[in-house]
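Asker: Just the structure for this:
(chains A and B)
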Amino acid sequence: MFRGEQTEVSGSEILSTLLGSEVRGDLLVLFHRNPGLIDTVDGVARRIGRTTVAIISEVRELLELGVLKQKRIGASEVVYLDRTKDRELLESVANHLKTLKVGEER
Amino acid sequence: MSAAHPKTRASGFDKLFSSEAIGGLRVKTGIVELDEMLRGGFMPGDAVMLAGSAGTGKTTLALQYLVNGINLGEPGIYVTFEELPDQIYRDAKNFGWDLRKMEEEDKFRVICTSPNLLLESSDDSLLEDVLRDIQPRRLVIDSLSHLEMFVKRDDMRMEAYRVIRYLKTRGVSSLLLWESPQISGGSFSVTDVGLSFLVDCIVALKPVEIESAMRKALVILKMRGSDHDKRLREFEITSAGIKIESAFSNYEGIISGSPRKVASEKFMELFRGASEKRK
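Answerer: Okay, the predicted model is just below:
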């Protein structure tokens, strides 16, 4: 399917990627509420009431960011939440937001 | 991961020949009355079928089995094909079980996937990562009935056998839920695809109509290599989970779906009625 290239990104970049689109938001909500979800892109699309075509580029973005991981199960490619990476990214975003707040207060 | 469960990779072989298995210790469900019925609990590494129709309490009993296992130091996995984990977290919380916290502590995982992915997985198993990460001793599949949608009827037994063997060779005790609308009649048939022969133990849950009220019955239909309570026991789903009550000793025909009071009980009722009239 697609291989995400993971590079170091800043808190603001992470934030803008995470909030970049409505579909991406839906995907994040789905995986955060259901961290044990392991499914094909087709299956994931069904679970948020959208089509595969509508979510494929958004899934790619999240794979590139490292929030989602993929692996091959038999003949299928599945995606799932990388809990460790997700925690790291959320921490980066939280730190970034703190920095913004401190800047505003000054 | 807690200190009690270091991430050293114990193989199924190691677990099979652990002092626990050889010593014959049981896998306690943590439901005192059920453990008594099972003469201490399930046998280690056994595949147990929990059969019942919708709404009988299969999911509640299965979650309680896992949560009690965690409290006994045995991590567990809940594999669901139907409900999304957030629904399971919410329902469990109503019984006072904080599954998210247990996940954070690496003692528990809910895996939500499609049955076909579980069937497709071979060497690179769907469950391999999580088995390595939390070293579970207990695993629930909710439900085995869902596999039926993805395999031919003739292949169902073989596929179920593969799933059961996969877990057994890893030393994991499994609880396999089965949607069974037809546990009735004299044959006690649980599945119509011959799965009863594959599992080591069968616990059946059944709704029963008695005196115009719906009650619930639990019975152990089979337990390979062990004695067990053969009586039908009434149970309730309380705010703390499953609570097993006394046996339906005054009724017969519960499994067949036509419960009636046994003759001696009818006689006693008549006798009581007559003596009250005399007063």
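Asker: hey, let's count contacts and neighbours off CA atoms from now on
Answerer: Noted.
Asker: got the residue ranges for the strands in the chain?
Answerer: Picking chain A for this. Under the criterion DSSP state E, chain A contains strands at A:38-39, A:68-73, A:76-81.
Asker: wrong one, I was asking about chain B
Answerer: For chain B, applying DSSP E gives strands covering B:47-52, B:76-80, B:108-112, B:138-142, B:173-179, B:201-210, B:213-223, B:233-238, B:241-247, B:251-252, B:260-261.
Asker: Could you export those to TSV, including columns for mean neighbour count?
Answerer: Listed next are the strands of chain B as TSV, based on neighbours: other CA atoms under 10 Å in any protein chain shown:
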stretch	mean neighbour count
strand B:47-52	26
strand B:76-80	26
strand B:108-112	24
strand B:138-142	25
strand B:173-179	24
strand B:201-210	22
strand B:213-223	18
strand B:233-238	17
strand B:241-247	16
strand B:251-252	16
strand B:260-261	16
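Asker: quick one: pLDDT of residue 44?
Answerer: Because you didn't say which chain, this covers chain A. A:V44 is assigned a pLDDT of 96 by the prediction.
Asker: hmm, I had chain B in mind actually
Answerer: Note on B:P44: pLDDT of 95.
Asker: Would you check how far apart it and B:L195 are?
Answerer: 20 Å (CA to CA, to the nearest Å).
Asker: which one of those two has more residues nearby?
Answerer: Remark: of B:P44 and B:L195, B:P44 carries more neighbours, 23 against 17, as counted by other CA atoms under 10 Å in any protein chain shown.
Asker: wouldn't the more buried one be in contact with B:T29 here?
Answerer: No. Taking contacts as CA atoms under 8 Å, B:P44 lies outside contact range of B:T29: 11.5 Å.
Asker: The closest residue to A:S10 other than its chain neighbours: neighbour count?
Answerer: Once flanking residues are discounted, A:S10 sits nearest to A:S92: 7.5 Å by CA to CA, 6 or more residues apart in numbering or on different chains. Neighbours of A:S92 under the rule other CA under 10 Å: 18.
Asker: do the one 5 residues further on as well
Answerer: Counted with other CA under 10 Å, the burial measure for A:L97 works out to 15 neighbours.
Asker: which residues touch the nearest residue to B:F42 once chain neighbours are set aside?
Answerer: The spatially closest residue to B:F42, leaving aside those adjacent along the chain, is B:V27, at 4.9 Å (CA to CA, 6+ apart). Contact analysis of B:V27 by CA atoms under 8 Å, 6 or more residues apart in numbering or on different chains lists B:40-44, B:173.
Asker: returning to what we had before: quick one: closest of the strands of chain B to A:T51.
Answerer: Counting by CA to CA, A:T51 lies closest to strand B:108-112 out of the strands of chain B; the figure is 19.6 Å.
Asker: Next, the nearest residue to B:G40 once chain neighbours are set aside: phi, psi?
Answerer: In this structure, B:G40 finds its nearest non-sequential neighbour in B:R26, 5.8 Å apart by CA to CA, 6+ apart. Backbone torsions of B:R26, given as degrees, to the nearest 10, read phi -100, psi 160.
Asker: Quick check: B:R26 vs chain A, distance?
Answerer: Distance of B:R26 to chain A, computed by CA to the nearest CA, to the nearest Å: 29 Å.
Asker: repeat for B:R272
Answerer: With the distance defined as CA to the nearest CA, B:R272 ends up 58 Å from chain A.
Asker: Now do the residue nearest to B:V110 when sequence neighbours are not counted, the pLDDT please.
Answerer: Distances taken as CA to CA, 6+ apart put B:Y78 closest to B:V110, at 4.7 Å, once the chain neighbours are dropped. Predicted confidence (pLDDT) for B:Y78: 97.
Asker: now swap in the one 3 residues further on and tell me
Answerer: On the pLDDT scale, B:F81 is placed at 91.
Asker: burial measure for B:D129, as a count.
Answerer: B:D129 has 11 neighbours, counted by other CA under 10 Å.
Asker: so B:D227 makes contact with B:G41?
Answerer: No. Contact criterion CA under 8 Å: B:D227 and B:G41 do not qualify, at 11.0 Å.
Asker: Between the two, which is the more surrounded one?
Answerer: B:G41 (19 against 11).
Asker: quick one, phi psi at the more buried one?
Answerer: phi 140, psi -180.
Asker: Pull the contacting residues for it.
Answerer: B:26-29, B:34-35.
Asker: which ones are touching B:M37?
Answerer: Counting by CA under 8 Å, 6+ apart, B:M37 touches B:220, B:228-229.
Asker: top helix in chain A by residue count?
Answerer: As assigned by DSSP state H, the longest helix anywhere in chain A is helix A:83-105.
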